[in-house]
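J.: Sequence and predicted structure below; questions after.
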Amino acid sequence: MTDIFLSSARSTKAQARQVAEALRALGHAVWLDDDLPAHRGYAEVIEERLKSAKAVVVIWSAEAVKSEWVQSEADRARADRKLVQLSVDGAKLPMPFDRIQCADLTGWNGDVQAPGWRKVVASIADLIGAETAAVVADPPLALPSKPSIAVLPFANLSGDPEQDYFADGMVEEVVAALARFKSIFVIASGSTLSFKGHAVTPQEVARQLGVRYVLQGSVRKAGGRVRIAVKLIDAADGAQIWADRFDDTLEDVFALQDKVALGVASVIEPTVQAAEIRRAAKRPTENMGSYDLYLRALPLWFTFVRAEVFEAVDLLERAIVLDPDFGAAMAIAARSYAHIVSFGWSDDLERLRRRGIELGRRALRFAGDDSHVLAQAGYAVLILERNLDAGATYIEQAMGLNPGSALVWYLNGILKVRRGEPEEGVQHLETAMRLDPLSSTPRAFLHMFIAIARFEQGRFAEAALLLRETTLQVETPYGHAMLAAVLGHLGQADEARQSLARYRERSSAPIEPVGNFFVRPEHRKLFLDGVALAEGKTPSNVADVNSTP
């Protein structure tokens with residue numbers, strides 16, 4: 001049932017959504033005409049929602065005053081004694097609404113302590129009832145500066161009260177796994193388990209605990225098997241942004257709890273990050289904070305598109321100016337500089353290399369036990385300082401801190417492939433894909449490094465298949481360089497030359513240094529021989545197509 005019906009003119013839709021989000025944060029069910037279903041008549045739905053609402057909030061503006069629809073909705077609400085009025089531009093209200101109190105929200109920025117907003121909340125509380133009035137009397141807690149989440153008690157659907165221990169243990173394991181991700185603020189399980197047995201909405205939990213996201217779950221046991229269902233809710237609008245279920249036996253309860261906690265945590269971290277990126281993209285571009293700048297850079301730096309990587313660097317440098325201790329921004333900036341240097345995208349590569357090293361080293365000093373900063377900055381140092389051992393130390397340290405991170409498994413997989421350990425590298429990369437099946441890291445990149453591992457093993461046909469997929473999906477110069485070498489060994493001269501041309505379109509660096517990716521000399525030679533064959537040359541001692549070095 002709808003608690004609140006929002007009425008507004010088209011020109012104030014942004015303000016209407018802001019009001020709706022603030023009311024939902026207080027636990028109210030809010031309807032505005034963005035939610036109109038496509039298969040029903042406009043007037044029919046409006047009539048139904050107006051009738052069922054406990055309060056009707058009319059947002060007056062210069063356009064709303066002239067709107068017959070808004071006036072009609074306001075008139076119905078007035079007749080039913082459930083009208084709440086607010087103004088966003090000070091426009092003179094039409095009769096008879098100018099005789100009714102109207103809260104002034106001109107220039108309102110979402111401040112829950114603003115007098116006009118407190119008047120709106122108090123009026124709604126009076127209409128909906130005393131119990132709700134007590135709920136909304138205290139303003140919601142301020143959200144942390146980074147994504148925040150609470151894990152609600154899992155519902156025991158087994159009909160067996162003795163299974164409560166398993167459901168509660170599941171919550172504690174998920175909270176512990178999420179706490180390893182330093183990019184997320186996680187409410188302790190003691191606070192969330194206090195809601196056990198209480199009928200509360202995700203919005204109300206979020207308001208009381210001061211979080212953006214709420215994870216709900218249920219446990220159903222039948223015989224020797226158990227099904228665990230989970231869903232992630234964005235409390236700002238009540239939208240479900242992810243859901244999954246896990247089916248297994250109960251042979252080892254603790255192993256099962258570990259498995260589910262790892263699976264849930266590894267997917268939630270990139271899912272929440274993706275939601276935050278979408279949220280940041282909708283915000284104004286002026287006067288953005290450091291974290292917003294960082295969020296805007298995230299989808300850009302990993303594209304391997306020159307203009308977008310430079311845009312990411314600009315955003316990240318601005319973020320670091322605003323917050324000189326922002327380790328995550330420094331780590332991603334260092335990796336962005338590594339892209340620029342690797343692909344020869346500047347006439348001043350040495351200066352950019354030094355800047356990347358400086359930021360990577362600073363990020364490591366601020367990393368603490370943040371596995372993502374350690375891994376990202378460590379990998380940047382590995383590339384920019386050409387120091388495999390130093391970078392490997394930090395990536396392996398990150399693995400020990402957070403074995404549930406798909407990113408850490410991904411970078412460790414690349415490290416194994418570089419070192420000439422292809423089979424172990426592939427296992428690490430496949431683990432990254434299992435941990436993050438809806439990856440914010442495009443799967444094409446994972447396939448590219450699996451292809452390089454297969455190249456090291458002389459499995460050129462497999463490598464070519466994966467690299468073709470990579471180069472279709474992402475514009476990475478490395479992908480085209482590797483595909484040229486693979487096709488050279490396969491004797492597919494025309495396609496090999498096309499891949500060489502695509503590499504040179506995307507990078508001003510010579511192709512030969514790409515072979516420095518490989519630590520083992522025989523793998524570098526395999527790459528250089530493939531490039532020579534792609535160029536129509538005849539290198540000496542070219543490896544046989546079916547050989548396995």
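T.: Thanks, I have it.
J.: can you give me the helices for the stretch 301-450 of the chain?
T.: Along the stretch 301-450 of the chain, counting by DSSP state H, counting those that start in this stretch, helices occupy 306-322, 327-342, 349-367, 371-384, 388-401, 406-418, 422-435, 443-456.
J.: Which elements pack onto the second one?
T.: Using 3 or more Cβ pairs under 8 Å, 6 or more residues apart in numbering; DSSP states H and E as the contact criterion, the neighbours of helix 327-342 among helices and strands are helix 290-301, helix 306-322, helix 349-367, helix 371-384. Glycine gets a C-beta too; all of them are placed from N, C-alpha and C.
J.: The shortest one too?
T.: With contacts defined as 3+ Cβ pairs under 8 Å, 6+ apart, the packing partners of helix 406-418 are helix 371-384, helix 388-401, helix 422-435, helix 443-456.
J.: Would you convert these into a markdown table that also reports distance to residue 319?
T.: Shown next, in a markdown table, are the helices and strands packed on helix 406-418 (distance: least, Cβ to Cβ, whole Å):
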| stretch | distance to residue 319 |
| --- | --- |
| helix 371-384 | 14 |
| helix 388-401 | 22 |
| helix 422-435 | 26 |
| helix 443-456 | 24 |
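J.: Of all the ones you listed, which one is nearest residue 261?
T.: helix 422-435 (12.0 Å; Cβ to Cβ).
J.: by contact count, what packs against that closest one?
T.: Helix 422-435 packs on helix 253-281, helix 406-418, helix 443-456, going by 3+ Cβ pairs under 8 Å, 6+ apart.
J.: What are the buried residues along the longest one?
T.: To tie it back to what came earlier, the one meant is helix 253-281. Buried residues in helix 253-281, counted by 16 or more other Cβ atoms under 10 Å: 256-257, 260-277, 280.
J.: Likewise for stretch 471-490?
T.: 471, 474-490.
J.: same thing with stretch 353-368?
T.: For stretch 353-368, using 16+ other Cβ under 10 Å, the buried residues are 353, 355-357, 359-364, 366-367.
J.: about what we covered before: any idea which of the helices and strands packed on helix 327-342 is most buried?
T.: Of all the helices and strands packed on helix 327-342, helix 371-384 has the most neighbours on average by mean count of other Cβ atoms under 10 Å, namely a mean of 27.
J.: thinking again about what came up before, mean pLDDT and distance to residue 194 for the helices of the stretch 301-450 of the chain - can I get that in CSV?
T.: Shown next, in CSV, are the helices of the stretch 301-450 of the chain (pLDDT from 0 to 100; distance: least, Cβ to Cβ, whole Å):
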stretch, mean pLDDT, distance to residue 194
helix 306-322, 93, 36
helix 327-342, 94, 32
helix 349-367, 94, 33
helix 371-384, 92, 29
helix 388-401, 89, 29
helix 406-418, 92, 32
helix 422-435, 90, 31
helix 443-456, 92, 40
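J.: Residue 230: which of those helices is closest?
T.: helix 422-435 (15.3 Å).
J.: I'd like to know how many residues surround residue 97.
T.: 19 (other Cβ atoms under 10 Å).
J.: Just give the nearest non-adjacent residue to it, would you?
T.: residue 74 (5.9 Å; Cβ to Cβ, 6 or more residues apart in numbering).
J.: Doesn't the one you found belong to a strand?
T.: No: applying DSSP: H, G, I helix; E, B strand; the rest coil, one finds residue 74 to be helix, outside a strand.
J.: Show the pLDDT at it.
T.: Looking at residue 74, its pLDDT stands at 91.
J.: That one against residue 80, yeah?
T.: No: applying Cβ atoms under 8 Å, one finds residue 74 not in contact with residue 80, separated by 10.9 Å.
J.: Now do the shared contacts for those two.
T.: Common neighbours of residue 74 and residue 80, counting by Cβ atoms under 8 Å, 6 or more residues apart in numbering, are residue 56.
J.: Give me the more crowded residue out of these two.
T.: residue 74 (24 against 14).
J.: Look up how far residue 4 lies from the more buried one.
T.: Distance of residue 74 to residue 4, given as Cβ to Cβ, to the nearest Å: 14 Å.
J.: swap in residue 497?
T.: For residue 497 relative to residue 4 (Cβ to Cβ), the value is 65 Å.
J.: which one of the two has more residues nearby?
T.: Between residue 497 and residue 4, counted using other Cβ under 10 Å, the more crowded position is residue 4 (25 against 16).
J.: Identify the bridge partners of that one.
T.: With DSSP bridges as the criterion, residue 4 is bridged to residue 30, residue 55.
J.: hang on, it packs against residue 26?
T.: No: judged on Cβ under 8 Å, residue 4 makes no contact with residue 26 at a distance of 9.8 Å.
J.: any shared contact partners between the two?
T.: In contact with both residue 4 and residue 26: no residue, using Cβ under 8 Å, 6+ apart.
J.: Could you pull out the strands in the stretch 151-300 of the chain for me?
T.: 155-156, 185-186, 213-222, 225-234, 239-249 (DSSP state E, counting those that start in this stretch).
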